[in-house]
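1. fold the following and give me the result.
(chains A and B)
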Number of protein chains: 2
Amino acid sequence: MRIDVTDPEDPQIEVFQGLRDHVLRQKRELPNGDMAGVFICEGDIVVERALAAGYRLESMLADARRTKPLPVSVPDEVPLFAAGPKVLQRVTGYHQHRGVLACFRRRDVPSVDEVVATLSEAATVLVVEGVNNPTNMGVILRCAAALGVEAFFLDQRCCDPLYRRSARVSMGEAFALPYARFGQWPEGLSGLHSAGFETWALTPDSAAEDIGRLSIDPTARVALLLGAEGPGLSDDALSAVTRKVRIPMSGTVDSINVGSAGAVAFYAVQQARLRT
Amino acid sequence: MRIDVTDPEDPQIEVFQGLRDHVLRQKRELPNGDMAGVFICEGDIVVERALAAGYRLESMLADARRTKPLPVSVPDEVPLFAAGPKVLQRVTGYHQHRGVLACFRRRDVPSVDEVVATLSEAATVLVVEGVNNPTNMGVILRCAAALGVEAFFLDQRCCDPLYRRSARVSMGEAFALPYARFGQWPEGLSGLHSAGFETWALTPDSAAEDIGRLSIDPTARVALLLGAEGPGLSDDALSAVTRKVRIPMSGTVDSINVGSAGAVAFYAVQQARLRT
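-> Residues are numbered from 1 along each chain as shown, chains lettered A, B, ... in the order given. Next up, the predicted model:
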């Protein structure tokens, strides 16, 4: 059902308003926020992938002049708001708008145990601690999905992986993997340990094992732990794992960007599995 | 020589003004721009690394209230401008200023042949095409320096690797590696070929060789080619290389962020060298 919108403040498109203040917006979409229960996607690919992952489309805001087909078909009972460039720019804050915005209904996030129950026998999963930068989260999730990670688990301090910027940077791969949040951290890792996971903490510590020299038992389940840019993993997390691993670095460099570190680690685990 | 500054428009600190417009600023620092010959660093670590790499400090702008020692000692003939938070914020556009800004003198960029002449017998180098996003450039260079790359080469479309944001994201590693720009692209690759380099183009093309399965002759020199986020390497570049390599990916994902792809590729080459 197409509805033309000419006023950026039109209450019909309230869910698409206030996207420019990242911090406030993330709070509003939290369980107790006034926008709890929905998330916003932008761009054709991301919208497609959210729908493919089974999220329910609630409304869409598209450029009224758009001639290219919409990325997904919009059922008649779903409002399709059409707006001119001025409205779109006021709403999104971009000079160039990414073609389409869509509002999806969130699902209940399962428990760690529920996600674990869906995994393959020799799964690789990702555990993220303290990454509250949505861009870093998106880079990590895109790469995790590409390099054999089956699911991801977050501590309470990580940002929302479905938040608009994270989902966009992930090219929609944030929707591709099941995920859960730990209630207790790092105590919650015991749920992974009892499901047979080894836990590998990525650290620049020179005393850690070289991740390139490890082999993995064909039946082993591995959970890779990544900490935030800057501080890395907390001492509590490092104390709770079964193994500490490092990426071998040269020169005077002692650390790399968290996205790069994740990429190397996912790849290294994938290669270690192939060697066995 | 400390000089207190109270006016954000003070012509004495002209070189630190206009940092907020990334596009314009990059143009001004180009060879024909009105600020040709200098570059700006921000943050203690980056300033330290620029000095360690041999760049000459021309002036510094620091928080007048700073009690922490400056990252480098400022000779008496070099102006050390001291300013309050309001001036610093107006100059940099940040609410929180990174402690210190420094202006360094650029050096002449050597030719590709001159850089090649300085490399080890079995060097790994990086060739970048079309990466004009300074953040991506910085992520790539930090990771390259960490994972065994000895030098990097850019086509004409790549952004300035010493540009403030690139240098900051690289944590100053942009200064650690020698670099040159190709005059002709991709014809300039012949300079690498005649110096004994194999050229490996990173591509998502499924017909390319799996980078995880390659071994490298102990005496081989390898130049890894990375293209920009989105389009990747041009057809011209892909036609000019000796080998096309891909990162093995799972699921429906067909590409990853250029920084992540670089990280995996640098690591894969490093590991292939260890295997031989």
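
2. show me which residues of the stretch 101-250 of chain A sit near chain B.
-> Applying CB under 8 Å from any CB of the partner chain, we find that the stretch 101-250 of chain A lies next to chain B at A:139, A:142-143, A:145-148, A:169, A:171, A:173, A:176, A:212, A:247-250. The way it works is simple: take the backbone N, C-alpha and C, and place the C-beta from them, glycine included.

3. switch the cut-off to 10 Å
-> Residues of the stretch 101-250 of chain A lying close to chain B (CB under 10 Å from any CB of the partner chain) are A:135, A:138-140, A:142-150, A:169-173, A:176-177, A:204, A:210-213, A:247-250.

4. just those: which are in strands?
-> residue A:210 (DSSP state E).

5. please pick the buried ones from the residues of the stretch 101-250 of chain A next to chain B.
-> With neighbours counted using 16 or more other CB atoms under 10 Å in any protein chain shown, these contain these buried positions: A:135, A:138-140, A:142-150, A:169-173, A:176-177, A:211-212, A:247-249.

6. quick one on the thing from earlier: among the residues of the stretch 101-250 of chain A next to chain B, which are in helices?
-> Among those, the members falling in helices (DSSP state H) are A:135, A:138, A:139, A:140, A:142, A:143, A:144, A:145, A:146, A:169.

7. go through the worst-scoring helix or strand of chain A on mean pLDDT and flag the buried ones.
-> The weakest-scoring helix or strand in chain A, judged by mean pLDDT, DSSP states H and E, is helix A:85-92 (a mean of 84). For helix A:85-92, a neighbour-count test (16+ other CB under 10 Å) marks A:87, A:88, A:91, A:92 as buried.

8. let's have those residues in CSV, adding distance to chain B.
-> Converted to CSV, the buried residues of helix A:85-92 look like this (distance: CB to the nearest CB, whole Å):
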residue, distance to chain B
A:87, 26
A:88, 22
A:91, 24
A:92, 20
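
9. the longest strand in chain A is where?
-> Per DSSP E, chain A has its longest strand at strand A:56-63.

10. quick check: mean pLDDT of that one?
-> On average, the pLDDT along strand A:56-63 is 95.

11. in the stretch 1-150 of chain A, which residue sits nearest chain B?
-> Minimum separation of the stretch 1-150 of chain A from chain B (CB to the nearest CB) falls at residue A:146, amounting to 3.8 Å.

12. touching, that residue and residue B:246? I think so.
-> No: contact criterion CB atoms under 10 Å: residue A:146 and residue B:246 do not qualify, at 11.4 Å.

13. quick one: list the elements packing against the helix or strand hosting residue A:127.
-> Residue A:127 is located in strand A:124-128, with elements delineated by DSSP states H and E. Packed against strand A:124-128 by the contact rule (3 or more CB pairs under 10 Å, 6 or more residues apart in numbering or on different chains; DSSP states H and E) you find helix A:112-116, helix A:134-146, strand A:151-154, strand A:179-181, helix A:189-194, strand A:197-202, strand A:221-226, helix A:258-275.

14. which one of these is the most hemmed in?
-> The highest mean neighbour count among these, using mean count of other CB atoms under 10 Å in any protein chain shown, belongs to helix A:134-146: a mean of 27.

15. verify the stated contact: residue A:9 with residue A:90.
-> Yes: in this structure residue A:9 lies within contact range of residue A:90 using CB under 10 Å: 8.4 Å.

16. between these two, what contacts are shared?
-> residue A:17 (CB atoms under 10 Å, 6 or more residues apart in numbering or on different chains).

17. so where is the stretch 51-200 of chain A shaky, pLDDT-wise?
-> By pLDDT under 70, the low-scoring segments of the stretch 51-200 of chain A are A:94-98.

18. list the residues that contact residue A:269.
-> A:124, A:126, A:147-149, A:200, A:211, A:214, A:216, A:220, A:222, A:224, A:245.

19. typed the wrong thing, it's residue A:8
-> Residue A:8 makes contact with A:16, A:17, A:83, A:86, A:87, A:88, A:89, A:90, A:91 under the criterion CB under 10 Å, 6+ apart.

20. next one: phi and psi at it?
-> Backbone torsions of residue A:8, given as degrees, to the nearest 10, read phi -60, psi -20.

21. quick one: it from residue A:254, how far?
-> Relative to residue A:254, residue A:8 is positioned 48 Å away (CB to CB, to the nearest Å).

22. before we move on, what about residue A:63?
-> 47 Å.

23. between these two, tell me which one has more neighbours.
-> Between residue A:63 and residue A:254, counting by other CB atoms under 10 Å in any protein chain shown, residue A:63 is the more crowded of the two (18 against 11).

24. quick check: beta-bridge partners of that one?
-> Legend: beta-bridge partners of residue A:63 under DSSP bridges are residue A:83.

25. export the ones in helices among the residues of the stretch 101-250 of chain A next to chain B to CSV and tack on distance to residue A:181?
-> Formatted as CSV, these follow (distance: CB to CB, whole Å):
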residue, distance to residue A:181
A:135, 20
A:138, 17
A:139, 20
A:140, 16
A:142, 20
A:143, 20
A:144, 16
A:145, 18
A:146, 23
A:169, 20
